[in-house]
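**Student:** Can you look at this prediction? I've put the sequence above it.
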Amino acid sequence: MSTNPDPFDDIVFDESFIAGAPKEATADERIAKAARIARGNDRLAAAGEIADGSGKPAYGRLRRSTPWIAIGIAAAAVIIVVALLVR
């Protein structure tokens, strides 16, 4: 046992410290939030942004990354051509 006094003995919390804590959502609020998430998931599934349930992801995200893939391939080709010309 330590003979040092506990530094937290004299701390008195303000009532607003406990009263101001975040409250847990009611069941109705949790149900409403789950319904909003489900509607969002349905919208994303309809747009082809999330998996269709077969285990394979939809191709919606591939369309957005295709230009970047093409830019990367073009940049790599330019680097290779420059390296060959410098040699």
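**Tutor:** Right, received. Where do you want to start? Model, not experiment: these values are computed from the prediction. Numbering: from 1, shown residues only.
**Student:** and the next element down the chain from the host helix or strand of G40?
**Tutor:** Element membership of G40 [criterion: DSSP states H and E] is helix 27-46. Heading C-terminal from helix 27-46, the first helix or strand you meet, by DSSP H and E, is helix 60-86.
**Student:** Next, the buried residues of that next one.
**Tutor:** By 16 or more other C-beta atoms under 10 Å, helix 60-86 has no buried positions at all. Bear in mind the C-beta positions are built from the backbone N, C-alpha and C, glycine included.
**Student:** centre of the chain versus stretch 28-41, how much separation?
**Tutor:** Mean-position distance between stretch 28-41 and its chain equals 18 Å (C-alpha atoms, centre = their mean, to the nearest Å).
**Student:** So for that stretch, mean pLDDT?
**Tutor:** Averaging pLDDT along stretch 28-41 yields 90.
**Student:** Dump that stretch to CSV, keeping only the CA atoms.
**Tutor:** The C-alpha trace of stretch 28-41 is given here as CSV (Å, rounded to 0.1, in the frame of the first residue of the first chain):
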residue,chain,number,x,y,z
ASP,A,28,-37.9,4.6,-31.7
GLU,A,29,-34.8,6.7,-32.7
ARG,A,30,-32.7,3.5,-33.2
ILE,A,31,-35.5,2.0,-35.4
ALA,A,32,-35.7,5.2,-37.4
LYS,A,33,-32.0,5.3,-37.9
ALA,A,34,-31.9,1.6,-39.0
ALA,A,35,-34.8,2.4,-41.5
ARG,A,36,-32.8,5.3,-43.0
ILE,A,37,-29.7,3.1,-43.3
ALA,A,38,-31.8,0.4,-45.0
ARG,A,39,-33.3,2.9,-47.5
GLY,A,40,-29.7,4.1,-48.3
ASN,A,41,-28.6,0.6,-48.8
